[in-house]
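S.K.: could you work out the structure for the sequence below:
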Amino acid sequence: QAEHGGHGTHCASLVGGRTRGVAKEATIVSVQVLSCEGTGSLDGVYDGIRWAVDDSVNNNRSPAVLSLSFELSGVHGFFDTLFDYALSKGVSIFVAAGNQGRNACDYSPAFSRLAITVGATKARYVDGDGEFVDWVTSYSNYGPCVDILAPGGDNSATGGKIEAAWSGDDFDYKAMAGTSMACP
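M.R.: Below is the predicted model:
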């Protein structure tokens, strides 16, 4: 199924994009577990994650990283089961903290202590010396379930966003902000 929204393309290109990716030689395997409108079933999410782990093992892609840039309200325990399985197969898991400005422990998969949960920062002008300091964004979920922070951009009208590939064509880019941009 073709991805229509571009969110997955954007996140994947932050990792392995030819021009802006941090690991340009990485092999990216796309697994879409939600519809283009962001809806889907828990079974579909479970099956997609399990498939990604098994695909990594079956094709001798190691080390491997699973990057999940979505959030579901509530704690769904099957994520711990899946993540335990992934870790046992040598697959590391990074998940976006979520963009509600609330406690990440109340969202899945961010609650899981088996994943590395990533919150978002933005650069903010601090003083007359021209120094910039990263601050946690107002939209980033927070709390004891957040393990690390990374640049996620600023959603304000004047703020900086993270530019990466978009799903239009090979030269299409879009600037976005969110914990999805921090996660990869």
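S.K.: quick one: the helices in this structure?
M.R.: Counting by DSSP state H, one finds helices in the chain at the ranges 7-16, 42-58, 78-88, 179-182.
S.K.: among the ones you listed, which is the most enclosed?
M.R.: Taking mean count of other Cβ atoms under 10 Å as the contact definition, the stretch among the helices of the chain with the greatest mean neighbour count is helix 179-182, which reaches a mean of 27. Any C-beta I mention is one placed from the backbone N, CA and C, and that applies to glycine too.
S.K.: distance between that one and the chain's centre?
M.R.: The gap between the average C-alpha position of helix 179-182 and the chain average comes to 5 Å, counting by Cα atoms, centre = their mean, to the nearest Å.
S.K.: so what does that helix touch, helix or strand wise?
M.R.: Under the contact criterion of 3 or more Cβ pairs under 8 Å, 6 or more residues apart in numbering; DSSP states H and E, helix 179-182 touches helix 7-16, strand 91-96, strand 116-125, strand 148-151.
S.K.: hang on, residue 23 packs against residue 16?
M.R.: Yes. Taking contact to mean Cβ atoms under 8 Å, the distance of 5.7 Å between residue 23 and residue 16 places them in contact.
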